[in-house]
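> predicted model and sequence follow; I will ask about them next.
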Amino acid sequence: MTQQTMRWSAADIAAAEQTLARSTAGEVTHVVTLTDEEVTILDGLQNPQLVVLPWLDAQEGADRSLVGRVALRSLLARGLVVPTEEQPAGQAGADGAPEVRIEAVPEVTGPLVLRRTATAILSAERTTSLGKHWVYLYLHEDDRVLEEEVGPSGHHSFSVYPLAEVAGRVAVFADPAAKAVLDGRSRTFTPDELAAQAPTLPELADAVAVTTLAGVRAGSDVLVQVSVYATPDGVYVVRGTEHGEDGAPVTLTLSEVGPATVRRLPLELLGR
C-alpha cells in the first residue's frame, strides 16, 4: 500500500483478505496497533480520516507533514514499512520535496484497506469521567468485522472477529458495569423538550457512561444514531422516532432497556 493513493493493488487486496482470514469463531484476534500519526501518514496525509485522532488533533499548529515523517522513522525501525523505488525524476510532492514511496507489511496494509472498503460502519463514542474512548467496526463479506479501538492517547488497536462477537463487545463498551435490567417504559420528547429537561431527568443526569452509536451503510448518506445512558440503576436509550425531510429527528424516545436490547443495538445499526 502506498501513501499517495487510495487505489488498491492486487497486493493490497490480498493483504485485506489475509487479515479477514484471521477471524476465528469465538475469538478476538489482534492484528496491529498504530498511533494517530502513523495511521495518517500510511493512509495519506491528503485523505480525510474516518476516525478521531485525539493525540494529533491536540497538537495545535503542528506541521503534520513533519509529524508524519517522524512517524515513518518509527514504522521503519519496527519493520512495519519498507522504502521502495522513488518517484520518477523531477516528480515532487505537494511541498516541493521528492516523494518516497513506502510499502507496509500485510499486517498494516490489510486493516488500512479494510477500513476504507466496508459494507457498513458502526462508530461508538463513550464519555465517562475519565474522558472519551472510541470503537469503530467495519463490516465485511461473510460477516467478518475489523475493529479499530482508539484510546485517548491516540493509539489505534486493530482486531478481527466474526459478526457474532459484535453484540457482546459493544454491550460491554456501552454498559461497562452491566446495569441493564429490563426493557421498561418509554417517553417521547421533541429535541428541544429533551434538551431542556435533560439536567433534571435521572435517566440522563445520573449517567456514568454515555455512548453514542452511529451506523452507516456503504453508498448511503443516512447516518442512524442512538445514545445509550448507563446509570447506577439501569440503562436508557434515546433514539429518533420520527424524522423530518432533512433526516433530523423531530421526536425522540427515551426508553429503559434490558441487556438483550443493548446487545441488539449494534447489529441493527449495521443492518443485521
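Okay, I see it. Residues are numbered from 1 along each chain as shown.

> SS state for residue 166?
helix (DSSP: H, G, I helix; E, B strand; the rest coil).

> ranges for the helices of the chain?
Shown for the chain, the helices assigned by DSSP state H span residues 10-21, 36-43, 54-57, 64-77, 106-114, 166-174, 191-197, 202-205, 259-269.

> a markdown table for those helices, including mean neighbour count, mean pLDDT and distance to residue 240?
C-betas here are computed from N, CA, C, even on glycine. Output for the helices of the chain, formatted as a markdown table (neighbours: other C-beta atoms under 10 Å; pLDDT from 0 to 100; distance: least, C-beta to C-beta, whole Å):
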| stretch | mean neighbour count | mean pLDDT | distance to residue 240 |
| --- | --- | --- | --- |
| helix 10-21 | 17 | 94 | 33 |
| helix 36-43 | 24 | 92 | 31 |
| helix 54-57 | 16 | 94 | 27 |
| helix 64-77 | 15 | 88 | 36 |
| helix 106-114 | 24 | 94 | 29 |
| helix 166-174 | 20 | 97 | 18 |
| helix 191-197 | 13 | 93 | 9 |
| helix 202-205 | 16 | 94 | 16 |
| helix 259-269 | 19 | 96 | 12 |
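
> which one of these lies closest to residue 218?
Proximity to residue 218 (C-beta to C-beta) singles out helix 106-114 among those, at 12.6 Å.

> what lies in contact with that closest one?
1, 8, 11-20, 31-32, 34, 39, 42-43, 75, 80-81, 103-104, 138, 140, 146, 148, 158 (C-beta atoms under 8 Å, 6 or more residues apart in numbering).

> keeping just the C-alphas, turn that helix into PDB.
C-alpha atoms of helix 106-114 as PDB (Å, rounded to 0.1, in the frame of the first residue of the first chain):
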ATOM      1  CA  PRO A 106       0.400  -7.000   5.200                       C
ATOM      2  CA  GLU A 107      -0.500  -6.700   8.900                       C
ATOM      3  CA  VAL A 108      -0.600  -2.900   8.400                       C
ATOM      4  CA  THR A 109      -1.900  -2.800   4.800                       C
ATOM      5  CA  GLY A 110      -4.800  -5.200   5.500                       C
ATOM      6  CA  PRO A 111      -6.500  -3.100   8.200                       C
ATOM      7  CA  LEU A 112      -6.000   0.200   6.400                       C
ATOM      8  CA  VAL A 113      -7.600  -1.200   3.200                       C
ATOM      9  CA  LEU A 114     -10.500  -2.800   5.200                       C
END
